[in-house]
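>>> sequence and predicted structure are below.
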Amino acid sequence: MFTCGQDLSAPQKGLFRAEAARRLAAIPEDEIRRGNARIAARVLSHPAYLAAKTVFIYHSVGREPDTLGIIRTAQQDGKRICLPRCMAGGMMQLRQIGALSDLTETHFGIPEPGEHCPELSAGDIDLAVIPCVAANRAALRLGHGGGYYDRFLAEFTGTSLLLCREALVFPHIPSDAHDLSCTELITDKKI
């Protein structure tokens, strides 16, 4: 279980989140769909995905890069899949699912594994697919501010792929000491 850290640059991060939301809203729907397909293809052909036995991945919502196709393909490929379950107090559990029907919508409006799903640790994960609000080219992410993924990345030693739309990649992202980069940034334009 992972707990969140304190966000020291919250005002500056808030400005970046607002700009990212503006940019995301301006992307045409057909470009979102094409971008989803390109991002999924890059993840599914990535050497870390091909070698992974256990994949930790988030369930996308709204206009985030779509992960449902990745989850379904990973299940078909015989990989063990786990998703985050966010708990009160900024804590996150890694829960293995057997099927998408193991997911229930939570108070955040995000489908998450039910309590019956087995809990895994960061050491059980080979590949982590990580969300963001925005990122920079060094795969440093700007999240929603809860610190859930920051804490996970502090303990994770495998490959982490950060999914981000190219329009949300900034030259600089405000960060604190607890903010860690992912292994690679994958966008709809490039790795």
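On my side now, so go ahead.

>>> not counting sequence-adjacent ones, nearest residue to Val169?
Distances taken as CB to CB, 6 or more residues apart in numbering place Ala135 nearest to Val169, at 5.6 Å, with adjacent residues excluded. For the C-beta atoms, the positions are set from N, CA and C on the backbone; glycine is no exception.

>>> my read: the one you found touches Ile173, true?
Yes - using CB atoms under 8 Å, Ala135 is in contact with Ile173, at 6.5 Å.

>>> joint contacts of those two?
The contact sets of Ala135 and Ile173 overlap at 141-142 (CB atoms under 8 Å, 6 or more residues apart in numbering).

>>> give me the more crowded residue out of those two.
Neighbours per residue (other CB atoms under 10 Å) separate Ala135 from Ile173, with Ala135 holding more: 27 against 24.

>>> so what's the backbone phi/psi at the residue nearest to Val169?
The phi and psi torsions at Ala135 (degrees, to the nearest 10) take the values phi -150, psi 170.

>>> measure it to Arg34 for me?
In this view, Ala135 and Arg34 are 19 Å apart by CB to CB, to the nearest Å.

>>> do the same with Gly14
30 Å.

>>> cool, Ser175 as well?
Counting by CB to CB, the gap from Ser175 to Arg34 is 30 Å.
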